[in-house]
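Q: sharing a model prediction with you, sequence too.
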Amino acid sequence: MKRPGLRPVSFSAPIAVLFAALLLLLPLLLRVFAGNPLIPGPGSYGFLKAGALSLTGTPTLYTLFLAPLGDGRILSSVLLGLLAAYLFHRLAQVLFPRQDEQAIALLLFLINPLFLSIFTGLSPYALAVPAALLCLVFFYTSRFLPVPLLVALVASLSPLFAALLLALLILRHLPRRFAVASLLLALPASLLAAQPHLVLAGTKALIAEFGAPLGFSLIYVAFALFGGVVQWGQRRDRAPFFLFAALLLLAPFLEAARIAAGLLAIPFAARFLSFLIRRRWRLRAAAGVTLLLTGCLLLFLLISHALVIASEEPTKRLVGTLAALPPDEGVLLGPPELAPIIEATTTHPAYVEPGCGAAACGDVARLYTTQRLTEAEPLLRRHGIRYLLITKEMRQGLVWNRDEEGLLFLLKHSAKFSLLASDGEQEIWRYAP
Amino acid sequence: MEPRTKYAIALAVLMLVVLGVRLAVTFQAEQPSYQSYFAVIQAESIRETGLPRYDDPYSYEGRRYAFSPLYYYVIAAFTFFVPPPLAVKVLPSLFMAGLVPLIYLIGHHLTKNRGVSFLAALFAGFSQALFVSASDAAPLSLALPLAAALLLSLLDLEQHPVRALLLAAALTFVSPLIWLFLAAEIVYLVILAAERLTISVKHLEAALFMFLLAAWYTLLTYKEPLRRYGLALLSESLPQSVRQATFAEFTLLAMIYAVGLVPLALASLSLYHTAFEERNRSIFLVAALGLVVLLAASLQLLPLPVALILLNLVFVILSAPGLHLLAVYLRKTRFEWLRRPLIVALLLLFLLTSLLPAIAAGLYPDISPKRNELLALSWLRDHTADSSVILAAPKTGFLINEEARRKYVADEEYLLIANPDAILADIDAAYTTPSTVRAVEITAKYGVTHIFMGSQEHTRYSQFGAIIKDPTCFPLVYRNPQVLVFGVNCTVEARQ
């Protein structure tokens, strides 16, 4: 029941796009004010360096898309974000009959941490999300012909994201012949994408509130679960909610599931917030405060995530430290997550032990733990390592716990290592064979 | 005299007795406990600047705290009437004595029987875990009566909804315990659904309010720790040795010892009756809280001492309906004459299994600093440079902060401290290593100028190494019968 005095709110498409532009500019401006390079996130630098090739040396559709853009690559992400805002505005009009629900859904999409992260950095999802939204717009307006092509486009960027999109379409009763066509086109198209890999993410890489740049928001998930309960009572189609629940279970293992879960949470959360605004409360004292708290939570989430993006590597400090490297091509060993930044901003190749992820393993683990020069030198020579980047995190438990543990002993006491640069948090050491 | 007045007077007397015993135990020591000095520091900061000390230049030679400040504002408010060290000794006892009438009211809500509610209040006043928890001025001492008041309000939500919301807000601002209540509300609603009882919309709305408030406040207050540690905030931030003690394995024996045999037996009777014979919404809510605490303790999500205190609270509350059941049952039999002897026997058993161990446990000789330690710290404040850094056991940290106003290597607040394991290992090594070179390396690493050796250091280390054997590098600069303070004369040269 509508409460007196509450008028339905609506956004026109230009206002939605303008609002999206302001939100996307927020973290980028914060980076500029902090003196950090404009483009956030090590992942983005992988695409900056690679040009038409991916990090593994083979072209993907996304790298082919970026290659001709040159310095305008980051702008392409922002523009794709504006397109996504416009498409979501269209989609909300189709999905929600009520204007206030449309407005809430659009707001939830725009202040979603995933929206900020995806469209301020370089990632295949910057292309895949608008493509998926366009596909959904066509689907919900019963224009099925472009659907298979768009599913294939998404598959060529992220096969898993496409699979989840197709699962949603099938659950929402996509006609069988279009479903089969989508599948047939998506399978070969997925060969163009980088292959997904299964990694168990900790909560810090999974949840936006804990600082994960490409994680879903716990607040959104909670609102979506409440929305699911509300929807359950109204006996609506429950299949998308089951898909959302399945995505939550897959989220710790697959980045695509994490992103899909974060986006699929929006309609359920919008339904819940709309329900919250319209309902007649029994605890009248709680009504206004609860809505105020909801607003505070979402505002907190937006600002907090903008600050996460603003402080993502590379920071001014890292750039300053890396600037101390001589202009040769000696291999640099550092934290694997910083490898794309090192390769994109210096002349030095970064050594990353294959198949290790963020943890040190293999030769790198042996090198970090040895205190004997006779053991360290063959390892350094084998991989041509001339420089070592040691961060505060590595010294504070990530690799070492004590001052002279493992390789730190050699760095301190062997004449073969010399300190090139240190800013108190990051150090670069040179190894002279 | 009306029974209501009679019980009100008896309750007031009981509360005064509980407060008196608690204060008598607390004032066995001249000074507040080592841990309470953190509250003294914060209260003084609030009095001087209006704000708690989030950036502490002394702790870990400079660090940032993350904590909820309301409790320290309450302490600070009292320091306008009494000196801070006195406030931190009296207030926790006062808060905990406040539990007595609250437990009585909850018991009365559950049973409508004044006699058994009074006995439950007596159990609350002298149960082992609840009694010992009063020794430190920590937010838990205020959170517990607030939690009991919130529980009472939730039981009476239909009549007094605003009171419940206000108490939920107060508990949120004092302690993260609100999350347990939220989980308990959810479990309660699930139990109601499973029992096919109607679910109160007011309870749903209250749970939603609590969730949003707790989520917003937790994200705001603990943003930085959540980013650093993720969901494992409570356990990950602690050094390994402290973590093992704090999140020790939950055992039935530990629970029986902390809760006491009598409340446990009576609560079990009440739970059995509610589960299998007569469904009771109010008892379901209290039981849901107990279930959540048990689960959190078993999964090591809640520090064991806190879990035992909360379980103590829940079982004491549930002992009221247990006693009531027993009384009703006896009345139906030919053994009604046994009622009074049985109550006397239960009280005697409680005295032996809870009260005496509780008082004995409260009489820790070692939780407060000695007068000589304060003298030594005063000497350090008057005779050392402002930039001096003092090495001491972590437990002495807050005391140095407050009394000596000098930087020190570590205290017991580990949240946001990078690699506390390494720091603790260094402190232990500095005190115990026989190698002067190693000891000097450590003192040089932290810029230590003085080494403090008081009662905590003597307790922590059975024998000392180079620092007492090498007067060239570590000359004795101050001594009294209980404390030695060494200077640091040597340093290591950095390699060029």
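A: Everything's here; your move.
Q: for the rest of this, base every contact and every neighbour count on C-alpha atoms.
A: OK.
Q: can you get me the start-to-end distance on stretch B:221-238?
A: 18 Å (C-alpha to C-alpha, to the nearest Å).
Q: residues in contact with it: which ones?
A: If you take C-alpha atoms under 8 Å, 6 or more residues apart in numbering or on different chains as the criterion, stretch B:221-238 is touched by A:203-204, A:209-211, B:66-68, B:219, B:243, B:247, B:301-302, B:414-417, B:420.
Q: can you flag which of those belong to helices?
A: Secondary structure defined by DSSP state H assigns A:203-204, B:219, B:243, B:420 of these to helices.
Q: now stretch A:80-96: buried residues?
A: Within stretch A:80-96, the residues scored as buried using 16 or more other C-alpha atoms under 10 Å in any protein chain shown are A:80-93, A:95-96.
Q: helices - which of those land there?
A: Per DSSP H, the buried residues of stretch A:80-96 map to helices at A:80-93, A:95.
Q: give me the helix or strand of the chain that scores worst on average pLDDT.
A: Just so you know, I chose chain A. helix A:42-50 (a mean of 77; mean pLDDT, DSSP states H and E).
Q: sorry, I should have been clearer: chain B.
A: Lowest-scoring helix/strand for chain B, mean pLDDT, DSSP H and E: helix B:356-362, at a mean of 71.
Q: buried stuff in the helix ranked longest in chain A?
A: If you go by DSSP H, chain A has its longest helix at helix A:284-310. Buried residues in helix A:284-310, counted by 16+ other C-alpha under 10 Å: A:286-287, A:290-291, A:293-294, A:296-298, A:300-302, A:304-310.
Q: what is the burial count for B:Leu294?
A: Neighbour count of B:Leu294, defined by other C-alpha atoms under 10 Å in any protein chain shown: 19.
Q: what about it, which SS state?
A: Here B:Leu294 is recorded as helix under DSSP: H, G, I helix; E, B strand; the rest coil.
Q: residue contacts, it?
A: So B:Leu294 contacts B:307, B:311 (C-alpha under 8 Å, 6+ apart).
Q: ok, now A:Gly81?
A: Taking C-alpha under 8 Å, 6+ apart, one finds A:20-21, A:24, A:115, A:119, A:126, A:130 in contact with A:Gly81.
Q: kindly recompute the last result at 7 Å.
A: Shown in contact with A:Gly81 (C-alpha atoms under 7 Å, 6 or more residues apart in numbering or on different chains): A:Phe119.
Q: again, but for B:Asn489
A: Counting by C-alpha under 7 Å, 6+ apart, B:Asn489 has contacts B:473-474.
Q: that one and B:Tyr478, how far apart?
A: For B:Asn489, the distance to B:Tyr478 - C-alpha to C-alpha - is 15 Å.
Q: any idea how chain B splits into domains?
A: Chain B breaks down into these domains under automatic domain parsing: B:3-362, B:371-487.
Q: CSV please, covering the ones you listed and showing distance to A:Leu61.
A: Output for these, formatted as CSV (distance: least, C-alpha to C-alpha, whole Å):
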stretch, distance to A:Leu61
domain B:3-362, 34
domain B:371-487, 42
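Q: circling back: tell me the helix or strand right after the least confident helix or strand of chain A.
A: helix A:61-66 (DSSP states H and E).
Q: give me the buried positions along that next one.
A: Buried-residue list, helix A:61-66, by 16+ other C-alpha under 10 Å: A:61-63, A:65-66.
Q: dump those residues to TSV, plus pLDDT and distance to chain B.
A: Putting those into TSV (pLDDT from 0 to 100; distance: C-alpha to the nearest C-alpha, whole Å) gives the following:
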residue	pLDDT	distance to chain B
A:Leu61	80	34
A:Tyr62	82	31
A:Thr63	81	32
A:Phe65	83	34
A:Leu66	82	32
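Q: run through who's touching the helix or strand A:Val17 falls within.
A: Of the helices and strands defined by DSSP H and E, A:Val17 is found in helix A:13-34. Outside helix A:13-34, the residues that touch it by C-alpha under 7 Å, 6+ apart are A:37-38, A:78, A:82, A:85-86, A:89, A:110, A:116, A:120, A:306-307, A:309-311.
Q: what about the strands in chain B?
A: Listed in chain order, the strands of chain B (DSSP state E) span B:55-56, B:63-64, B:389-391, B:407-408, B:450-453, B:476-479, B:484-487.
Q: just these: most buried one?
A: strand B:407-408 (a mean of 28; mean count of other C-alpha atoms under 10 Å in any protein chain shown).
Q: nearest to chain B: which residue in chain A?
A: A:Phe210 (4.3 Å; C-alpha to the nearest C-alpha).
Q: how many neighbours does that residue have?
A: Using other C-alpha under 10 Å as the criterion, the residues surrounding A:Phe210 number 27.
Q: which residues touch it?
A: A:204, B:226-227, B:230 are the contacts of A:Phe210 under C-alpha under 7 Å, 6+ apart.
Q: one more: A:Arg282?
A: So A:Arg282 contacts B:Lys202 (C-alpha under 7 Å, 6+ apart).
Q: isn't B:Gly447 right next to B:Val389, touching?
A: Yes. Counting by C-alpha atoms under 7 Å, B:Gly447 does reach B:Val389; the two are 6.3 Å apart.
Q: just the CA trace of stretch B:332-352, in PDB.
A: Output of stretch B:332-352 as PDB, limited to C-alpha atoms (Å, rounded to 0.1, in the frame of the first residue of the first chain):
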ATOM      1  CA  LYS B 332       1.500 -32.100  42.300                       C
ATOM      2  CA  THR B 333       3.200 -34.900  44.300                       C
ATOM      3  CA  ARG B 334       3.200 -36.100  47.900                       C
ATOM      4  CA  PHE B 335       6.600 -34.500  48.300                       C
ATOM      5  CA  GLU B 336       5.600 -30.900  48.500                       C
ATOM      6  CA  TRP B 337       7.200 -30.700  51.900                       C
ATOM      7  CA  LEU B 338      10.500 -31.300  50.100                       C
ATOM      8  CA  ARG B 339      10.300 -27.900  48.400                       C
ATOM      9  CA  ARG B 340      12.000 -25.800  51.000                       C
ATOM     10  CA  PRO B 341      14.700 -28.300  51.900                       C
ATOM     11  CA  LEU B 342      15.300 -28.800  48.100                       C
ATOM     12  CA  ILE B 343      15.800 -25.000  47.700                       C
ATOM     13  CA  VAL B 344      18.200 -24.900  50.600                       C
ATOM     14  CA  ALA B 345      20.100 -27.900  49.100                       C
ATOM     15  CA  LEU B 346      20.300 -26.200  45.700                       C
ATOM     16  CA  LEU B 347      21.600 -23.000  47.300                       C
ATOM     17  CA  LEU B 348      24.200 -25.000  49.200                       C
ATOM     18  CA  LEU B 349      25.200 -26.800  46.100                       C
ATOM     19  CA  PHE B 350      25.400 -23.400  44.300                       C
ATOM     20  CA  LEU B 351      27.500 -22.000  47.100                       C
ATOM     21  CA  LEU B 352      30.000 -24.900  46.800                       C
END
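Q: so which bits of it are buried?
A: B:339, B:347, B:350-351.
Q: what lies in contact with it?
A: Contacts of stretch B:332-352 (C-alpha under 7 Å, 6+ apart): B:262, B:327, B:330.
Q: taking these, please make a PyMOL selection of just the buried ones.
A: The buried residues among the contacts of stretch B:332-352 can be selected in PyMOL (16+ other C-alpha under 10 Å) with this line:
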select buried, chain B and resi 262+327
